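Q: Predicted model and sequence follow; I will ask about them next.
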Amino acid sequence: MIRLQTEAIRPDELVAAVRGDGDGAVALFLGTVRDHNLGRRVLYLEYHAYPKMAESEMERLRRQTIERYAVSEVAIVHRTGRLEIGDASVAIAVAAPHRGEAFEACRHVIDTLKKTVPIWKKEFFEGGEVWIEGTGTTTSQ
Amino acid sequence: MATVPGNRFDPSEPFHERGAAVKVQVRYFASLVERTGRTSETIEIQADTNVERLWAMLIERHPSLAELNFKPLVACDLTYADWDAALSDVREVAFLPPVSGG
């Protein structure tokens, strides 16, 4: 399951999509919107994607992870649009026969996604808004 | 046969010696949308133009692109590409600020 969506993420959908009878573990990661960043009080975030490429990069990452780790299946769902504090922006589920590989592969997926999948967040905070671009920020207004 | 203005495939017209003119769709994301005032535009280039030369043309159109404090990533037809990549068979070139999903 590889998907970009504006609707709320339902983690149970990802778990159901990856789990098989040969698996003894499903690692589930949720990235959530927090209320502060770099000393600013965050009001909400907007996620923007390059949709077709984001999905193809997520699919590439899914396949690469299954090749590289002893895991059975990987699901990645990322939200776009306006997200409120506490909303899940991304969910990753990894099923594997054993928990060690599931945790490790899940970590690999989120770390790589943050570097390669073309999605950007715009942060709306008290007093302004900024595009978050890599680890730096570009003030837009 | 009458020449159709702007028809780049008109066989009666000789190709430019640097290669035929082709059109690429350029796409911008995140802060680049605000710098250029658009999400995409069609640019006519010579077929032997590479990404670096296209970017120089875009800076002429949108001077604030020269003020970026990062070097954008480049994708040609939905795949990451190098700055010296040729554009002869490319339809869509995207300039991507460092990503921040997750």
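A: Yes, it's here.
Q: all helices for chain A, in order.
A: Along chain A, the stretches classed as helices by DSSP state H are A:11-18, A:51-68, A:99-116.
Q: Could you do chain B as well?
A: Here chain B has its helices, by DSSP H, at B:31-36, B:51-61.
Q: quick check, the first one touching chain A?
A: Meaning helix B:31-36. Yes: applying CB under 8 Å from any CB of the partner chain, one finds helix B:31-36 touching chain A at B:31, B:34. (Glycine included, C-beta is placed from N, CA and C.)
Q: next one: stretch B:49-60
A: No: counting by CB under 8 Å from any CB, chain A is not contacted by stretch B:49-60; separation bottoms out at 15.6 Å.
Q: from the chain's centre, how far out does that stretch sit?
A: Its chain's C-alpha centre and that of stretch B:49-60 lie 7 Å apart, by CA atoms, centre = their mean, to the nearest Å.
Q: Can you give the contact residues for it?
A: B:24, B:26, B:36, B:43, B:45, B:65-66, B:74, B:76, B:81-87, B:93, B:95 (CB atoms under 8 Å, 6 or more residues apart in numbering or on different chains).
Q: Just the buried ones from those, in PyMOL syntax?
A: Buried residues within the contacts of stretch B:49-60, by 16 or more other CB atoms under 10 Å in any protein chain shown, are selected in PyMOL with:
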select buried, chain B and resi 24+26+36+43+45+65+74+76+81+85+87+93+95
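Q: Which ones among the contacts of stretch B:49-60 map onto strands?
A: B:24, B:26, B:43, B:45, B:74, B:76, B:81, B:93, B:95 (DSSP state E).
Q: Kindly present the residues you listed as CSV, with separate columns for distance to chain A and pLDDT.
A: Shown next, in CSV, are the ones in strands among the contacts of stretch B:49-60 (distance: CB to the nearest CB, whole Å; pLDDT from 0 to 100):
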residue, distance to chain A, pLDDT
B:Val24, 16, 96
B:Val26, 13, 98
B:Ile43, 18, 96
B:Ile45, 21, 94
B:Val74, 11, 98
B:Cys76, 10, 98
B:Ala81, 11, 98
B:Val93, 12, 98
B:Phe95, 10, 98
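Q: Among these, list the two that are farthest apart in space.
A: Distances among the ones in strands among the contacts of stretch B:49-60 were taken as CB to CB; the most separated pair is B:Ile43 and B:Ala81, at 16.1 Å.
Q: thinking again about what came up before, what's the closest of the helices of chain A to B:Gly101?
A: Nearest of the helices of chain A (CB to CB): helix A:99-116, 6.2 Å.
Q: now for that closest one, which elements pack on it?
A: Judged by 3 or more CB pairs under 8 Å, 6 or more residues apart in numbering or on different chains; DSSP states H and E, the packing partners of helix A:99-116 are strand A:25-32, helix A:51-68, strand A:73-79, strand A:88-96.
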